[in-house]
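Chemist: Sequence first, then the predicted structure:
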Amino acid sequence: MSDVRSPGQDEVDEVDEVDDDLDVLIDDDPDLLEPPTDAWRRRTAIEMVISGALGLLASFVLSIDALKLAADPKANLGCSINAVLDCAKVADTWQAHLLGEFLPNAFLGIAAEAVVITIAVAMIGNVRFPRWYMLAAEAVYTVGFLFAYWLFYQALTDIHALCPWCLLITVTTTLVWAGLTRINIREGHIALPGKAGPAARRFVRDGYDWFVTIGLLVVVALIILVKYGSALFQ
């Protein structure tokens, strides 16, 4: 007798095989389905608070500099160091006022950092936000993360100058976004399909995501050094 398979049987078998693989993976490491410990959440939240506070400080300085330049376009800014590190040149571009001449990007940074610091401080106090709230925070801050790197790209390719405080915001935004994403993956708010879900939780739990974060920041530093070299220090 020939082996007659019903339509869709191959798909059912494939799903069953994936489920079996997931069961084995989870059975070998049952902690993958457990939420992170309070100590882990608190440590990650403290990292976010420190990074967010530095980003908030940088945003405040940039907003004050923007007001100085609005009053006097020739004002001497303390972070205008040389031809490469020149805050005034960066601040005088359309990229620095994406939402209008009278709304510098720094004001957006103040609002974003204040919100994420509030979330992180609450998590230090063991507050647990609902999934929809954490995913909304992830989505909004991902936009900010991409925006920071778009500004960095514009500084390299179009403005041809760097703002030290803007670079600090790029670093802190990266660290805050990484921390927020780390928490959302560990707590299952970001649920990747199939074996990717447990694999991502294990990746984050074991701290390997830090290599990705640090690697990204090292790449940014290398790009700056390769492009400008000794001109950074002249």
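Modeler: Ah, there it is. Given the structure is predicted, the values throughout are model-derived calculations rather than measurements.
Chemist: Now do the helices in this protein.
Modeler: For the chain, helices defined by DSSP state H occupy the ranges 9-28, 38-71, 87-91, 105-124, 131-154, 164-186, 196-205, 209-228.
Chemist: which residue sits closest to the most centrally placed residue in the chain in space, ignoring its chain neighbours?
Modeler: Centroid check for the chain by C-alpha atoms, centre = their mean gives residue 177 as the closest residue, at 2.5 Å. The spatially closest residue to residue 177, leaving aside those adjacent along the chain, is residue 145, at 4.2 Å (C-beta to C-beta, 6 or more residues apart in numbering). C-betas here are computed from N, CA, C, even on glycine.
Chemist: picking up where we left off before, closest to residue 99 out of the helices of the chain?
Modeler: helix 105-124 (7.3 Å; C-beta to C-beta).
Chemist: any idea how far residue 63 is from residue 107?
Modeler: As for residue 107, its distance to residue 63 is 6 Å (criterion: C-beta to C-beta, to the nearest Å).
Chemist: Kindly report the same for residue 200.
Modeler: As judged by C-beta to C-beta, residue 200 and residue 63 stand 37 Å apart.
Chemist: which regions of the protein sit below the pLDDT cut-off?
Modeler: Applying pLDDT under 70 to the chain flags residues 1-33, 101-102.
Chemist: run the last query once more with 50
Modeler: Residue ranges of the chain with pLDDT under 50: 1-2, 8-27.
Chemist: coming back round to it: and the residue nearest to residue 177, how many neighbours does it have?
Modeler: 19 (other C-beta atoms under 10 Å).
Chemist: Many thanks, we can stop here.
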